[in-house]
Structure formats: C-alpha cells, structure tokens
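[1] sequence first, predicted model second:
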Amino acid sequence: MKSLVLESAKGVRNGKIQLCFSQIVETGRTNSSVLGLLNASDERFAQQKPRYAWMTAEPADVLVQFGIDVSGLAEGDVLEIGMVDPRLASNPDVTLNLQIVETTEGTEYDVANFETRAKRAGKDGDFILSEGKYIYVNTTIVAGQPNHKIFTETTRESKATDLISQALGE
C-alpha cells in the first residue's frame, strides 16, 4: 500500500470543511484480463490509479489534528494541501489508510441515484452486481490497517442486455 495523501480541503455548507484523501490501494485482486496479461510489461497497463475518500470536518478540528488552518475557506473555496502520510496529532504513531467497503445495501441516496452510485466496469461501463444486486462502494479513512470488504463473486449487467430484455418483453 502506498502512503495516504491529504490532497485538499474545500469549504462546504454550515461552515464545515470537506477533506479529500487519496491512496493507491492494493486489494489483492490480480489482473485476469487477457488484454492486461498480454501487456503486463507495458507500464501503461500496470498503472494503478488512486482511490479517493472525502470526509467532512470542523475547521477547528482540522487545525488541531493536522495543523492546517482552513478556517478562512468559504463555501466552494479549495485549498490544495498535498500532505503525504498525514498523522492525527491525537494518535501520531498510527498511520491513516483508505478503507473500501462494498455493500448491496445502498443508502436512500445511493438507490435513488444508482446510475451514478452503483459500481461499474469503467465510467460508463456495465454495472457490476453481486447476487443480482447493485454494488455500492464506500470509502473512508481509518486509523491503522484497513479492513477492505470487496465482493469477489460478481456478474455484469450491460445496458444492451436490459434493452434486449425490454424488447423481448421479459
């Protein structure tokens, strides 16, 4: 696992701050794509992209825990930070990590916005399902080692399959 990065802080409603974190996460899954395997020595195919997590915070607590004064950020203002391996002042010996938890039980918002919230194979790709249910991915920041929960037995549901089913009246 690569180091966590505190990327930025953004002013949001009610005087709160939204912190953006990123980390390249190794989930233990191997690339089984034939295209990926046949291009394993091409670094463009081996690049891992960082995962992101956003956490809402009180400006005073960001100052206490990370030593960053974000009190002057108005709603919509962004402060680029780029702090590698941030530590909480209250627990400086423990590393922070991004944790991924997949679930088929989406929030009300997730379910109402499944087109953008459900897991897909690529930005506009097929939906990834577990036992016929949409998968929702939640990321958060944890102190210590992350406990990822990622579905391994999944299927894909393509828009083409939906259109064919609708055309056949299924």
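    Happy to help now that I have it. Residues are numbered from 1 along each chain as shown.

[2] from here on, just use CA atoms for contacts and neighbour counts.
    Noted.

[3] not counting its own residues, what contacts stretch 49-64?
    Contacts to stretch 49-64, defined as C-alpha atoms under 8 Å, 6 or more residues apart in numbering, come from residues 15-25, 68-71, 89, 98, 139-141.

[4] go again with 7 Å.
    Here stretch 49-64 makes contact (C-alpha atoms under 7 Å, 6 or more residues apart in numbering) with 16-25, 68-71, 89, 139-141.

[5] what subset of the residues you listed is buried?
    16-25, 70, 139, 141 (16 or more other C-alpha atoms under 10 Å).

[6] list the ones among the residues you listed that fall in helices.
    Using DSSP state H, the subset of the buried ones among the contacts of stretch 49-64 located in helices is empty.

[7] and the gap between the nearest residue to Lys133 once chain neighbours are set aside and Asp61?
    With sequence-adjacent residues excluded and distances taken as C-alpha to C-alpha, 6 or more residues apart in numbering, Lys133 is closest to Thr104, at 6.0 Å. Going from Thr104 to Asp61 by C-alpha to C-alpha, to the nearest Å gives 33 Å.

[8] what sits against the closest residue in space to Gly76 that isn't next to it in sequence?
    Take Gly76 and drop its neighbours on the chain: the residue closest to it by C-alpha to C-alpha, 6+ apart is Gly11, 5.2 Å away. Under the criterion of C-alpha under 7 Å, 6+ apart, the contact list for Gly11 reads Ile17, Gln18, Leu73, Ala74, Glu75, Gly76, Asp77, Val78.

[9] for those residues, which one is nearest Ser130?
    Gln18 (30.9 Å; C-alpha to C-alpha).

[10] measure the residue lying closest to that closest one once chain neighbours are set aside to Gln65 for me?
    Nearest non-adjacent residue to Gln18, counting by C-alpha to C-alpha, 6+ apart: Thr56, 4.3 Å away. Separation of Thr56 from Gln65 (C-alpha to C-alpha): 14 Å.

[11] repeat that for Pro50.
    24 Å.

[12] any chance of the buried ones among the contacts of stretch 49-64 in CSV, with distance to Asn147 too?
    Below are the buried ones among the contacts of stretch 49-64 laid out as CSV (distance: C-alpha to C-alpha, whole Å):
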residue, distance to Asn147
Lys16, 28
Ile17, 26
Gln18, 23
Leu19, 21
Cys20, 20
Phe21, 17
Ser22, 17
Gln23, 15
Ile24, 15
Val25, 12
Val70, 30
Thr139, 11
Ile141, 11
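
[13] adding pLDDT and distance to Asp93, write those out as CSV.
    Shown next, in CSV, are the buried ones among the contacts of stretch 49-64 (pLDDT from 0 to 100; distance: C-alpha to C-alpha, whole Å):
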residue, pLDDT, distance to Asp93
Lys16, 98, 27
Ile17, 98, 25
Gln18, 98, 24
Leu19, 98, 21
Cys20, 98, 22
Phe21, 98, 19
Ser22, 98, 20
Gln23, 97, 19
Ile24, 93, 21
Val25, 89, 21
Val70, 98, 24
Thr139, 96, 22
Ile141, 98, 16
